[in-house]
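**Student:** okay, here's the prediction I keep looking at, along with the sequence it came from:
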Amino acid sequence: MPGREDGDGTTTVERVPQKTEPPRLYQVLLLNDDFTPMEFVVMILQEYFRHDLDTATQIMLKIHHDGRGVCGVFTKDVAATKVELVLAAARRAGHPLQCIMEAA
């Protein structure tokens, strides 16, 4: 912090306002494959992304038709954690489901 010395031997410190930017956001996406059951994708969307059944079904259908779909938008650490959780759940269930993150 910049300061200035007063004539009486004291130093006055001036506060300089800091500009902080909000954290960068990342999209978590699921990629379509021909092997993972649609019901499993809906379960992933409900369990890990807290979507209701209707929303999860709509996202699953978007993934199915477009090849990929956004599950949610998060800060980098949260997005990375969600990707790892989904990949681990898919591996445990024996499904090749892929989950990635991209800058929003």
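**Tutor:** In hand now; what should we look at? From a predicted model like this one, the values you see are computed outputs, not experimental measurements.
**Student:** average pLDDT for the longest helix seen in the chain?
**Tutor:** Secondary structure of the chain read by DSSP state H shows that its longest helix is helix 76-93. Mean pLDDT, taken over the full extent of helix 76-93, equals 98.
**Student:** and after it, which helix or strand comes next?
**Tutor:** The first helix or strand that comes after helix 76-93 along the chain, using DSSP states H and E, is strand 98-103.
**Student:** show me what that following strand is packed up against.
**Tutor:** Strand 98-103 is packed against strand 25-31, helix 76-93, with contacts defined by 3 or more Cβ pairs under 8 Å, 6 or more residues apart in numbering; DSSP states H and E. C-beta coordinates here come from the backbone N, C-alpha and C atoms, glycine included.
**Student:** what's the last one in contact with?
**Tutor:** If you take Cβ atoms under 8 Å, 6 or more residues apart in numbering as the criterion, helix 76-93 is touched by 23-24, 26-28, 30, 36, 40, 44, 47-49, 71-74, 96-101.
**Student:** first vs last residue of stretch 10-17, how far apart are they?
**Tutor:** Taking Cα to Cα, to the nearest Å, the first and last residues of stretch 10-17 lie 22 Å apart.
**Student:** ok now that stretch, how far from the chain's centre?
**Tutor:** Relative to the mean C-alpha coordinate of its chain, stretch 10-17 is positioned 39 Å out (Cα atoms, centre = their mean, to the nearest Å).
**Student:** out of the helices and strands packed on strand 98-103, which one sits most buried?
**Tutor:** Scoring those by mean neighbour count under mean count of other Cβ atoms under 10 Å gives strand 25-31 as the most buried, with a mean of 19.
**Student:** only alpha carbons, please: show that strand as PDB.
**Tutor:** The C-alpha coordinates for strand 25-31 follow below in PDB (Å, rounded to 0.1, in the frame of the first residue of the first chain):
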ATOM      1  CA  LEU A  25     -16.500 -20.700 -15.200                       C
ATOM      2  CA  TYR A  26     -16.500 -24.100 -16.900                       C
ATOM      3  CA  GLN A  27     -19.200 -26.200 -18.500                       C
ATOM      4  CA  VAL A  28     -19.400 -29.900 -17.600                       C
ATOM      5  CA  LEU A  29     -20.500 -31.900 -20.700                       C
ATOM      6  CA  LEU A  30     -21.500 -35.500 -21.200                       C
ATOM      7  CA  LEU A  31     -20.600 -37.100 -24.600                       C
END
